[in-house]
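>>> Sequence unavailable; structure follows:
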Ligand code: KIV
């Protein structure tokens, strides 16, 4: 399994491939595909649990799903999201929550959204917990920002560059840049010495991340502009389920081959 140091040294040398996964089978497939990092993201709330946003996802949900992902991917670096509200109210509580998540989830790193938890990051790193930041569109703030591109003007872009530098100074080992203009993502990537992982941030980041259910079209029907679908599991699954239904109705299933018969001993 790669270490945090291995991932940092991939900056400028190799592209980092990250994909989300939330359970045993998705993590197993991500590991078989040799992705560098699995992110147990709080997008879990939307693509697996059916919520409108990540806001309802709890720390216990993240621990539960990260443990399942770990059982599927024993040799892949796993990053797990700190959910909504777990690091904003109080620095000590944020540090405690981060430690609890890291210790109980079997993940290698915790990720936290926003540019307002630098003291929590410092405390976690001091305690030995590797941290990934997340700037630009931060879905936990969707009630305020909506799901749209961020940092579109000069002032916001400059603030984002400063926030990225502050994240690195606080001890983050990596950062996700979501839904920001490509040129800004390039500038941020050049301004920090830790890897940047883009989603909707163009080609100049050190790595890319996509949501499993989006890139494989599994359950999700509306894809954001920045997603390229690489498979259509919706069609495959729907067809399989319809065939199963039709064969049961018409008594074609179970067939001779899928039926036990009483064994007769002489
Ligand atoms: O929760 C998540 O899946 C994420 C990615 C969109 C980066 O944070």
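That came in fine, so what should we check first? This structure is a prediction, so every number in the text was calculated from the model and none was measured.

>>> Mind telling me which residue of this structure is nearest the ligand?
residue 41 (2.3 Å; C-beta to the nearest ligand atom). Backbone N, C-alpha and C define where each C-beta goes, glycine included.

>>> Give the bridge partners for the residue lying closest to that residue once chain neighbours are set aside, please.
Leaving aside its chain neighbours, residue 41 sits nearest to residue 20 (4.5 Å; criterion: C-beta to C-beta, 6 or more residues apart in numbering). For residue 20, the beta-bridge partners are residue 39 (DSSP bridges).

>>> isn't residue 20 right next to residue 216, touching?
No - using C-beta atoms under 8 Å, residue 20 is not in contact with residue 216; the gap is 10.7 Å.

>>> Of these two, which one has the most company?
residue 20 (28 against 20; other C-beta atoms under 10 Å).

>>> can you tell me which residues contact that one?
Listed by C-beta atoms under 8 Å, 6 or more residues apart in numbering, the contact set of residue 20 reads 38, 39, 40, 41, 43, 47, 209, 210, 211, 212, 213.

>>> do residue 201 as well
136, 177, 178, 179, 180, 182, 184, 185, 226.

>>> Distance check, the residue of the chain closest to the ligand against residue 194.
Here the criterion is C-beta to C-beta, to the nearest Å. By it, residue 41 lies 19 Å from residue 194.

>>> residues from the chain in reach of the ligand?
20, 39, 41, 42, 43, 81, 134, 176, 178, 199, 209, 211 (C-beta under 6 Å from any ligand atom).

>>> Please give me every residue in contact with the fourth one.
To tie it back to what came earlier, the one meant is residue 42. 54, 57, 62, 81, 83, 84, 139, 140.

>>> what's the helix or strand for it?
Assigned by DSSP states H and E, residue 42 falls within no helix or strand.

>>> Mind pulling the model confidence for it?
As predicted, residue 42 sits at a pLDDT of 98.

>>> State the pLDDT value of residue 88.
Residue 88 is assigned 88 on the pLDDT scale.

>>> Also residue 217?
We have a pLDDT of 97 for residue 217.

>>> Please apply the same query to residue 266.
59.

>>> Please enumerate the strands of the stretch 1-150 of the chain.
Secondary structure of the stretch 1-150 of the chain (DSSP state E, counting those that start in this stretch): strands located at 16-20, 37-40, 77-81, 109-113, 131-136.

>>> excluding its backbone neighbours, what's nearest residue 203?
Per C-beta to C-beta, 6+ apart, closest to residue 203 is residue 182, 6.9 Å.

>>> residue contacts, that neighbour?
Applying C-beta under 8 Å, 6+ apart to residue 182 gives the contacts 201, 202, 203, 204.

>>> what does residue 82 give?
Neighbouring residues of residue 82 by C-beta under 8 Å, 6+ apart: 59, 62, 94, 97, 98, 101, 110, 111, 112, 113.

>>> which residues does the fifth one contact?
What that stands for is residue 98. Taking C-beta under 8 Å, 6+ apart, one finds 82, 86, 87, 110, 112, 120, 123, 124, 129, 131 in contact with residue 98.

>>> tally of neighbours for the fifth one?
So that's residue 112. Around residue 112 there are 27 other residues, counting by other C-beta under 10 Å.

>>> Please shift the residue numbers so they start at 344 in all later answers.
Understood, numbering begins at 344; the last thing we discussed is residue 455.

>>> mind listing what it touches?
The contact partners of residue 455, taken as C-beta under 8 Å, 6+ apart, are 424, 425, 430, 441, 463, 464, 474, 475, 476, 477.

>>> hmm, which of those are the buried ones?
Buried subset of the contacts of residue 455 (neighbour count, 16 or more other C-beta atoms under 10 Å): 424, 425, 430, 441, 463, 464, 474, 475, 476, 477.

>>> and the gap between the closest residue to the first one other than its chain neighbours and residue 603?
Leaving out its chain neighbours, the residue that sits closest to residue 424 by C-beta to C-beta, 6+ apart is residue 385, at 4.2 Å. Counting by C-beta to C-beta, the separation of residue 385 from residue 603 is 44 Å.
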